[in-house]
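>>> Next input, structure requested:
(chains A, B and C)
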Amino acid sequence: MPELPEVETVRRALERHAAGLTVESVRGHAVQLRRPLDLARLRRRLPGRRLSGFRRRGKFLLADLDPPGALLVHLGMSGRLLLCDPAAPLLPHTHLVASLGPALELRFVDPRRFGLVDWLGPGAETRDPSLSELGIEPLDERAVHELPPLLHARRAPLKALLLDQRLVAGVGNIYAAEALWRAGLRPTRPGHRTALPRLERLVEEMQAVLGEAVDQGGTTIRDFASPEGNFGDFAVRLQAYGHGGEPCPRCGEPFIDDRLGGRSTVWCRRCQR
DNA sequence: CCAGTATCCTGCAGGC
DNA sequence: TGCCTGCAGGATACTG
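Numbering: from 1, shown residues only, chains lettered A, B, ... in the order given. Next comes the predicted model:
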């Protein structure tokens, strides 16, 4: 479900409503997520710690705690973090609930269980395999200079490269499709067969579409919502993703909807080359 | 090392 | 109506 703009939307909501609060208690079930949810450890570590701030790295969310430590969260395909009144009914597949005082709970809900919630002790962040292998932050200035040559050095299709979190961390299936359409590049085009100026354009378009989506609070396709329950407003601005078979807004040619690397891939045969 | 595929899991839409 | 199949915004363990 969530790519960089959706995770950033979640981060900002938590910063607004949960920063400064202290975790009083934790409950849930030790289910198998992408990593096993170690409820016993979370119950040992979290209570009494204050949420000092929230950071994002790629599609990962980091809740900084004081005394030091951090909670690592990934939303996978269907994960949600919700800020709720404690009296509100639990949604199905609520795996973890942290009480933040008498009037507020932070809940992690994830039907498909591709997400994760994990404790990171002081210093564990640099050693965590998921975090340490992440590539460039796509909205960072560095991406403009460093990403084009990295893409140019690889033979894989551009779309697969944009989705590779070790190269650039935060782009998923929606925004990869949008960036490639905006840049006029075929998703199947091999990186090393793409001229550097075109790769620079791709990075610019990637930054533009991610930035606009962040400004709109992300994209809600089926069920994304911020922790306050707001839906993202960017879906109406998607011009390629989800528009297979419809005419390309730029040239009128019907969009192709095929599969690349097991993911649905919408693109325009006429203006993406 | 690199590229491509299979796999984890539930919910839902569409075809019959 | 009900059953079946395939697909969904992701990451990663495999294979060759």
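>>> Show me the domain layout of chain A.
Listed domain ranges for chain A are A:4-127, A:143-267 (source: automatic domain parsing).
>>> Adding distance to DNA strand C, mean pLDDT and mean neighbour count, write those out as a markdown table.
C-beta here means a position set from N, CA and C on the backbone, and glycine is covered the same way. Output for the domains of chain A, formatted as a markdown table (distance: least, CB to the nearest atom of the strand, whole Å; pLDDT from 0 to 100; neighbours: other CB atoms under 10 Å):
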| stretch | distance to DNA strand C | mean pLDDT | mean neighbour count |
| --- | --- | --- | --- |
| domain A:4-127 | 4 | 97 | 18 |
| domain A:143-267 | 2 | 96 | 18 |
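>>> Around DNA strand B, which positions in the stretch 51-200 of chain A sit nearby?
A:77-78, A:92-93, A:111-114, A:154-157, A:160, A:191 (CB under 7 Å from any atom of the strand).
>>> Export the residues you listed as CSV, with columns for secondary structure.
CSV is the format used below for those (DSSP: H, G, I helix; E, B strand; the rest coil):
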residue, secondary structure
A:77, coil
A:78, coil
A:92, coil
A:93, coil
A:111, coil
A:112, coil
A:113, coil
A:114, coil
A:154, coil
A:155, coil
A:156, coil
A:157, strand
A:160, helix
A:191, helix
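>>> out of the residues you listed, which one sits closest to residue A:220?
residue A:78 (13.1 Å; CB to CB).
>>> quick one, what contacts that closest one?
By CB atoms under 8 Å, 6 or more residues apart in numbering, residue A:78 lies in contact with A:1, A:110, A:111, A:112, A:114, A:115, A:223.
>>> Excluding chain neighbours, what is closest to residue A:82?
Excluding the flanking residues, the one nearest residue A:82 by CB to CB, 6 or more residues apart in numbering is residue A:107, at 4.6 Å.
>>> Farthest pair within the residues of the stretch 51-200 of chain A next to DNA strand B?
The distance between the two most remote of those (CB to CB) is 43.6 Å, for A:92 and A:155.
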